[in-house]
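**Q** Starting from these lines, generate the structure:
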Amino acid sequence: MDNVVTAKDKNVKKVNDLGRISRILLNISQVITIVGLVIAIALGCYFLTLSNDTVHVNAELKGKISVSESVPENMIKVDESDFHIGKERELFKYAAKEIKNDNGSMDYDISALLKDLTGKDLKYVAWGIVLLTVVTLAILLVIIIFAKRLAKALEKCESPFEENVISKMKAFGFSLIPWAAFKLIIGNIGGLTTVMFVLAMLMFIAIFNYGAKLQKESDETL
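**A** Numbering: from 1, shown residues only. Have a look, this model is predicted:
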């Protein structure tokens, strides 16, 4: 009987140690995230102070990428594209054209054009980037806060099946949902992968919660 209790204590201690290490790492992550938020907001405020004639940019860049026939086709691939930004006037234009040579090699002609970019345009671009950054960091900060609560509960628990641990685990799982939705909305390639990960995490939490209930019923029966 003593051996069983000792083994159980060792396992709980491992959970406590994991919770403590996780809490320390999450504290560091929280500080970095808050600093990032402050910097992003400060940059956004700075760009608001720029006058419309602060900058005036005209630039044109052209380049050519040559890929030998000895290089596997999937290793280096530049998709053909042609797009521009701006309705009344083209602020930015990008074009990439693929040329296949007789010897099997590939050439890619790439050009980029910035035309009459002003301080006003820069404000819109900068604020778009700042807004995306702030939303991303804010969601991550919420996740970190809930993850810290879970880590703290694990650090002090007598059993990972305690009600306090289960409730913190549920809250952490639900905090991941806005991140999955955000990744899906912005159309990121990894958005679907993130959604699948969050669903898998919620499913794991549900299974863990069910296991905790069975453990509690077993303990009450004994």
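**Q** Need the residues that contact stretch 183-203.
**A** Contact with stretch 183-203 is made by Leu132, Gly173, Phe174, Leu176, Ile177, Trp179, Ala180, as judged by C-beta atoms under 8 Å, 6 or more residues apart in numbering. No exception for glycine: its C-beta is placed from N, CA and C like everyone else's.
**Q** Of these, which one scores lowest on pLDDT?
**A** pLDDT across the contacts of stretch 183-203 is lowest for Ala180, at 82.
**Q** Please confirm that it is located within a helix.
**A** Yes. If the criterion is DSSP: H, G, I helix; E, B strand; the rest coil, then Ala180 is within a helix.
**Q** Please parse the chain into its domains.
**A** The chain breaks down into these domains under automatic domain parsing: 2-48+122-221, 56-117.
**Q** Can you tell me which of those is most buried?
**A** domain 2-48+122-221 (a mean of 15; mean count of other C-beta atoms under 10 Å).
**Q** tell me the contacts of Val15?
**A** Leu154, Cys157, Pro160.
**Q** quick revisit: just the contacts of stretch 183-203 now: which is nearest Thr33?
**A** Nearest to Thr33 among the contacts of stretch 183-203 is Trp179, at 12.9 Å by C-beta to C-beta.
**Q** show me where pLDDT drops low in this structure?
**A** 1-8, 52, 54-57, 59, 70-92, 114-121, 187-191, 215-216, 218-222 (pLDDT under 70).
**Q** Quick one: the strands in it, in order.
**A** 56-67, 81-85, 92-100, 106-118 (DSSP state E).
**Q** Need the contacts of stretch 183-203 in CSV (columns: distance to Phe204).
**A** Below are those laid out as CSV (distance: C-beta to C-beta, whole Å):
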residue, distance to Phe204
Leu132, 30
Gly173, 8
Phe174, 13
Leu176, 11
Ile177, 15
Trp179, 16
Ala180, 15
